[in-house]
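Novice: Show me the folded form of this:
(4 chains)
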Amino acid sequence: MLRVSDLEVVYSAAVLGLRGAELSVARGSIVALLGANGAGKTTLLRAITGLLGYHNARITSGQIELNGSVLNDVAPAAIVRRGVGQAMEGRRIFGELSIEDNLKVGGVSVKDRAAKQQTRDYVFDLFPVLGERRRQQAGYLSGGEQQMLAIGRALMSQPDLLLLDEPSLGLAPLIVTQIRDVIADINKTGTTVLLVEQNAAMALSIADHGYVLENGRVGLSGSARQLREDDSMQALYLGGTIAVSENRS
Amino acid sequence: MTKKLWLVSALLLTFALFAAACGSSDDSGDSAGSDTTEPTDGSDTTAPTDGTEPADSGSDATVAPDDGSVEPAGDPEPAPGFDGETIKLGYLTDESGPLAILGVPLTTGSQIYWDYVNEELGGVGGRYQVELATGDTKDDPSSAVQEYQRLKDDSVLFAQILSTPPTQAVLEFLKEDNIVGVPGSLAGTWANEAVLMPNGAAYEYEMINIADWFVNDSGLGGVDTVQCVVSVNDLYGEVGLDGLEYAAGELGFELTEKRTMNRNDTDFAATVSALDQAGCEAVYAITVPREQSTMMAEAATQGFDPIWLGALPSYLSLLAGPNFEKFYVALDNPDFNDTSVPGMVDFLERFETYKPDSGAEPNSFFFSGYYQQIAVHALLEKAVELGDLSREGIANAMTQLGEVETDGLTAENYVYGAPEDRIPTSASRIFVYDPDNPPNLLTELALLDSELNDGYELGG
Amino acid sequence: MTDDLRLLRSAGARIGAALAVAAVVVTPLLISSDFWMSVFIAAGVFALGGLGLNLLTGYTGQASLGQAAFVLIGAYTAAWFGADKGWPMLLWMAAAMLAAGLVGAAIGPFALRFKGNYLVVVSIALVFVTVHVLQNWDSFSGGFNGKSVGGISLSFLVDFGDLSIFGKQFTPEQGLFYLTWIVVGLATLAVANIIRTRPGRALQAIRDRDVAAEVIGIRVARNKVIVFALSGAMAGLAGGLDAARVGFLTPGVAESQLLLSIRYVAVIVVGGVGTVVGAIVGALFLGPLPELVEEFSDKINFTVPLVDQPLLKDSATSEGIMSNAVFSEILFSILLVVFLMFQPRGLVGLWHRMVASLKRRGTPTDDAGPDIEPVATPH
Amino acid sequence: MDKFLQLFVSGVALGGIYALIALGFVVIYKATGTFNFAQGGFVLLGTYLTYQLAVEWEVNFYLSTLIAVLAMAGVAMLIERTVLRRMMDQPAFTIILVTVGILLFLQQLVPIIWDEPGLRFANPWLGEVVDIGGVSISHANIWTVVYAGVVFGAFALFFKFTRTGIGMQAAALDQEAAAAQGISVARSFQVSWAIAGAVGVLAGVMLTARGGDALTPAIGFVALRALPAMILGGLDSPGGAVVGGVIIGVAEVLTAGYLEYEWLGANFSSVVPYLVLIFVLLFRPSGLFGTKEVERV
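Specialist: Coordinates of the predicted model:
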């Protein structure tokens, strides 16, 4: 459903963010996008969702296709309307708004009220804690709860393709597991998921397919199983512990 | 989406069309205005501008105050602001600041006067064209000084310096450079400065006159009327108040409530309430037009309906409305429709001929700008007659100028000379608001020069 | 690193400094007009106040529209001590700096509490309150009627009010020109020193991330207060010099003082926010602008199509779309917007870019990239 | 007591004007996270536009106001489109300065288009007064309060219940995150500017009506006096703007009426708004009703 070919992204007209990245995501699957810091994972997501402009970056060559139509120059809002939702890196919830209003924001692109109501109930089903505290200011939620809200908010646009950027970042292992299970649940309802993670073990445990970005291009790809068993993967990312990431750029 | 786009475009187009229409509405009177820029076009101008012909010194200028008692001297030598052919006058006015509301019409009035002199008299002495150079002070001393410096070497004198702070700032430089300046404001203190050439009745006298008139002649009230005052916080307000307090003392009434206001004030609820509570039946308004209008609207709101007694700066016909019924004002100028005053007939005719083609109507500020130049003109004639347009020559001419005839445009003629010899005008005309008497919406009630004025010392 | 701390890093900078000094020395020898001297003194005053503002806004990231308040405070203090009390020049200068600096220090703590937008409004409040106090404190300021600054001393070692060097007699304006630009030069050195050394880096750390600066051990509170004081002091001195130029002070109305503050901000924006010489460049560019428009109005003028009228009015009654004064105000507003939109690094940034592209073309191996100071990101 | 009530009512009416102006500030702040100093320009230009229609072209007053409201909404959108759109990712202070530049620009348009130094408006309420329990209230003041109330109510509904309104709030907080949720940031900016332009016209018309119909370019600066009201209420809270406006208006009028000490100086009331503002901010740094900023490291 999503196909990225030979994508090159340049930051501030000088720094190369991506240099010929290739990727494809099949409908209904979970695809993991792995890689070290600065490998270009987030850049790729930004390119897909049209947010490069916010980072002084642009696509210089290559193509992004969603269901056969080119996404390269489409505005972010239009991309969401075409069925691409995302939970951004760093969650980026609206701390000053209530949980309910955060979800409302997520549902802005949906016109049908009943459908919106239904989605919201679904989100509250997935994350009961959000339902309980729906009138609270979102800024006061814990890190894990904020992540849940970020995912819930992304779901509000009823996406066919859900992009998740490091949902496990900085969370306790227990919560990571919880989130992983939710992702699997979401996928079961038919939503395709592109999961960006440093925590390769977590990601590959639910993914069907995986890509490893190195220096702005795909260094390694294959089915989740292949990757799990790959030696270099073992050495680099699956050292048995959850990779801890420190400063993000 | 497209519908919205159309709607928005249409509205923007409305705006654009409207702006364009406004700009081009000036074109309607195009034919009249276009040739004002060509001075030689005026057909019956006898004295050509090109020559420095010595023969023609006895001009036919109407404003020749001191009839030829002095032997005509030779042609004046070139001097700063005078190249032998053209006399340049400096104007320090507010073109883009808070007082642009006054500065722009004042300068326009002056320009009309000089357009007339250049076109119909062939210039000063029948041969020297006059050019105006304006500097924008923004009513700020700092800019005023800068503009003064820019204009001073290219001006024979400063024919108008608007508003008190710039005048105060520039005064020291005028003294140092011995350049004559005409203050656009009418504070009486200016009469004591050798380099300044004030004209019109000082604010102090205006207030004394209107108080005297109100108490003794108006039939509207007397010494027992509860009288109050609102004055603006600046030198104008201060000297006006000084004159009024003097008059109150002499006439034997109290100023029951005294309030002050600032320029740019937008709310007068408390002021009006205080005046109302004090039971004021008459309020002297030493104020400025927009604020005065706002204050009177608030008074109407609170049902406070006194007699208002104002001075020149507190009234602007453009801002006066139905709630001005009981507004009386002391002014120098005659009624705009009074054809018995020859100067006024001339003014209206010249205004019609030389006004900018924006369709402006004459009002007190255009008029002030116009008539103030009569004295400047007389001074220049005198200096030309004495054959010296240098700074010293003009300063000298002022000491010898004597009385300047204004053809009835001022209530009284100013007598110039060294500061100690000057006899400032002190008479005023009293007007009442009258919507049926356009363009200035005022009808003259009285012309008086209070006896109290003699006992009042200006700048005391 | 040690090289980095040196004041004049490159040969280019040294040549530039020498040229600037030469320009200051030579200008009064070439120009005798009181007018142009007055214009350049005023530009110097803008430069001085702008240097202070740049330290505050450009380097420390504290947004302020309050610079006019400090200028006013300095001007009145100078007038009070210099003209009324007859203190010698250095003393009234010190007093003007101290008074404005102290008020700045008093504002500093507010800046700790308020950020960004709020700080802007607090700085506007300062202008309103200062104007109000000056309007009413008659015994000190002369109130609404203003105050004469006649007889203020301009003498230190030499009398700048009556300057005579090698038998050449200078006008008071020329003398004040030298004085003003000497002060601007010294202030520039001071600012350059501050920002090239440790305290300056601390300031920039504050600008870039308040909380992070605290974490790495910069005492944000103390540094902010110091910067407000310094910035205020420089504006105060600027006010004192302007008082000497104008010779008369009025508090005016708050709105027009606010416009003055805006002019100070515009000076650094057009010159180059967060660059040492930005304020000077901006002041030399914007300061004389209205005067240049007046001087060259007939050259600028043209007939505007559609309405078929000249752009500028020749005289009050001639036709034309706007007066010179309105034109220069419009020009000013457009310049401000255009610089913010297209050249946020100001003229200095533009210059660096030109130099860099020239270098690149000439000697491709030259590694010296554009020597651009960090652009301010006040938040 | 009469005096107090009279002043109080006047203060509320003045507060209504402040609220109207502040609402214009708030809507842009809420959407874009910055001050829009050009609001004063909308007030100014919109009022002159209304004058042109109602007085010069003798269009019905209410219709003139409406046309001016729509035209200024258009002008504001145009400004947003041509200037502010390009500045979206700039620091707050930079954008403030741009709006200051626009204000200065708009202010100079008035002397270019309207040569007269002062003009007289023709509001239909002039001199109309009702007496309620010994307190007289002008129709203009009543209309001011009504307008402020209606605009505020419309705002509240708009932000709470429309998709655009919610989108605008989100865009103000985090443009990129909002865009990622499918909100067209550009559109919400445009809408907010249009609203601000429209509200500015109402504020200017009522301000002029209150001022006895005297119209001069000075009203462009009067808008600045509404800044304290906006901050006091909380930058992003329409309700706060209304409450802040009324508090400031009442405080200003009451100090002018009761607080008369020589040492406070003449017209102390003109700085009262700023003093009230600073005092309140010291205790509540985000105003009375503003959203607390959550500091992000």
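Novice: I'd like the distance from the nearest residue to D:Glu128 once chain neighbours are set aside to chain A, if you could.
Specialist: Counting by Cβ to Cβ, 6 or more residues apart in numbering or on different chains, D:Glu128 lies nearest to D:His139, which is 3.9 Å off, once chain neighbours are set aside. C-betas here are computed from N, CA, C, even on glycine. Separation of D:His139 from chain A (Cβ to the nearest Cβ, to the nearest Å): 39 Å.
Novice: what's the neighbour count on D:His139?
Specialist: 17 (other Cβ atoms under 10 Å in any protein chain shown).
Novice: so what's it up against?
Specialist: D:Trp125, D:Glu128, D:Val129, D:Val130 (Cβ atoms under 8 Å, 6 or more residues apart in numbering or on different chains).
Novice: Okay, strands next: where are they in chain D?
Specialist: Shown for chain D, the strands assigned by DSSP state E span residues D:119-120, D:129-132, D:135-138, D:214-215.
Novice: can you redo the ones you listed as JSON lines with mean neighbour count and distance to D:Leu202?
Specialist: Shown next, in JSON lines, are the strands of chain D (neighbours: other Cβ atoms under 10 Å in any protein chain shown; distance: least, Cβ to Cβ, whole Å):
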{"stretch": "strand D:119-120", "mean neighbour count": "21", "distance to D:Leu202": "18"}
{"stretch": "strand D:129-132", "mean neighbour count": "12", "distance to D:Leu202": "21"}
{"stretch": "strand D:135-138", "mean neighbour count": "20", "distance to D:Leu202": "17"}
{"stretch": "strand D:214-215", "mean neighbour count": "27", "distance to D:Leu202": "15"}
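Novice: Can you say which of those is nearest to D:Ile28?
Specialist: Nearest to D:Ile28 among those is strand D:214-215 (24.7 Å), distances taken as Cβ to Cβ.
Novice: Off-centre distance for that closest one?
Specialist: 18 Å (Cα atoms, centre = their mean, to the nearest Å).
Novice: could you dump the strands of chain D to JSON lines with mean pLDDT?
Specialist: Output for these, formatted as JSON lines (pLDDT from 0 to 100):
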{"stretch": "strand D:119-120", "mean pLDDT": "85"}
{"stretch": "strand D:129-132", "mean pLDDT": "85"}
{"stretch": "strand D:135-138", "mean pLDDT": "85"}
{"stretch": "strand D:214-215", "mean pLDDT": "86"}
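Novice: can you redo those as CSV with distance to chain B?
Specialist: Below are the strands of chain D laid out as CSV (distance: least, Cβ to the nearest Cβ, whole Å):
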stretch, distance to chain B
strand D:119-120, 6
strand D:129-132, 6
strand D:135-138, 4
strand D:214-215, 4
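Novice: near chain B, which residues of the stretch 201-350 of chain C?
Specialist: C:242, C:245-250, C:252-253, C:255-256, C:290-291, C:294-295, C:306-309, C:314-319, C:321, C:323-326, C:329 (Cβ under 8 Å from any Cβ of the partner chain).
Novice: nope, the stretch 101-250 of chain D is what I meant
Specialist: Residues of the stretch 101-250 of chain D lying near chain B (Cβ under 8 Å from any Cβ): D:108, D:111, D:113-120, D:126-127, D:129, D:131, D:136-138, D:140-141, D:207, D:210-218, D:221-222, D:225.
Novice: Please apply the same query to chain A.
Specialist: Going by Cβ under 8 Å from any Cβ, none of the residues of chain A are near chain B.
Novice: if we can go back for a sec, which of the residues of the stretch 201-350 of chain C next to chain B count as buried?
Specialist: C:242, C:245-250, C:252-253, C:255-256, C:290-291, C:294-295, C:307, C:309, C:314-319, C:321, C:323-326, C:329 (16 or more other Cβ atoms under 10 Å in any protein chain shown).
Novice: now, which of the residues you listed lie within strands?
Specialist: Those of those lying in strands (DSSP E): C:Phe248, C:Leu249, C:Gln309.
Novice: which one of the residues you listed is nearest chain A?
Specialist: For those, the residue nearest chain A by Cβ to the nearest Cβ is C:Gln309; the value is 42.4 Å.
Novice: That closest one and C:Ser318 touch, don't they?
Specialist: No. In this structure C:Gln309 lies outside contact range of C:Ser318 using Cβ atoms under 8 Å: 9.9 Å.
Novice: Find the nearest non-adjacent residue to D:Val250, please.
Specialist: Nearest non-adjacent residue to D:Val250 (Cβ to Cβ, 6+ apart): D:Gly11, at 3.4 Å.
Novice: what does C:Lys313 give?
Specialist: Using Cβ to Cβ, 6+ apart, the closest residue to C:Lys313 is C:Gly320 (3.5 Å).
Novice: Please report the distance of the residue positioned nearest the centre of chain B from B:Ile374.
Specialist: Closest to where the C-alpha atoms of chain B average out (Cα atoms, centre = their mean) is B:Ser368, at 3.0 Å. Per Cβ to Cβ, to the nearest Å, B:Ser368 is found 11 Å from B:Ile374.
Novice: do A:Pro76 as well
Specialist: On the measure of Cβ to Cβ, A:Pro76 and B:Ile374 end up 70 Å apart.
Novice: Look up how far C:Gln257 lies from C:Ala243.
Specialist: Taking Cβ to Cβ, one finds C:Ala243 at 15 Å from C:Gln257.
Novice: again, but for B:Leu309
Specialist: 33 Å.
Novice: And C:Trp87, by the same measure?
Specialist: 26 Å.
Novice: now swap in C:Val71 and tell me
Specialist: 9 Å.
Novice: still on that earlier bit, thinking the residue nearest to the centre of chain B is in contact with B:Gly200, fair?
Specialist: Yes. Assessed by Cβ under 8 Å, B:Ser368 is found in contact with B:Gly200 at 7.3 Å.
Novice: and the residue nearest the centre of chain C, what pLDDT?
Specialist: Nearest to the geometric centre of chain C sits C:Gly50, at 2.6 Å (Cα atoms, centre = their mean). pLDDT for C:Gly50: 94.
Novice: What of the one 5 residues further on?
Specialist: According to the model's per-residue confidence, C:Leu55 sits at a pLDDT of 88.
Novice: can you pull the contacts of it?
Specialist: C:Val191, C:Ile194, C:Ile195, C:Leu203, C:Val227, C:Leu230, C:Ser231, C:Met234.
Novice: give me the element the second one is part of.
Specialist: Meaning C:Ile194. Using DSSP states H and E, C:Ile194 falls within helix C:172-196.
Novice: Mind checking the pLDDT average for that helix?
Specialist: Helix C:172-196 carries an average pLDDT of 89.
Novice: next one: stretch B:125-145
Specialist: On average, stretch B:125-145 scores 90.
Novice: re the thing from before, more crowded one of C:Trp87 and C:Gln257?
Specialist: With neighbours defined as other Cβ under 10 Å, C:Trp87 and C:Gln257 compare such that C:Gln257 has more, 24 against 18.
Novice: is it true that that one touches C:Phe70?
Specialist: No. Between C:Gln257 and C:Phe70 there is no contact under Cβ under 8 Å: 10.9 Å.
Novice: so where does the residue of the stretch 151-300 of chain B found nearest chain D fall, helix or strand?
Specialist: Per Cβ to the nearest Cβ, B:Ala297 is where the stretch 151-300 of chain B lies closest to chain D, at 2.7 Å. If you go by DSSP H and E, B:Ala297 is part of helix B:289-301.
Novice: Give me the distance between C:Val120 and chain A.
Specialist: With Cβ to the nearest Cβ as the criterion, C:Val120 and chain A are 20 Å apart.
Novice: which non-adjacent residue is nearest that residue?
Specialist: C:Ala63 (5.1 Å).
Novice: do the same with C:Lys168
Specialist: Nearest to C:Lys168 is C:Leu29, by Cβ to Cβ, 6+ apart, at 7.9 Å.
Novice: Noted, bye for now.
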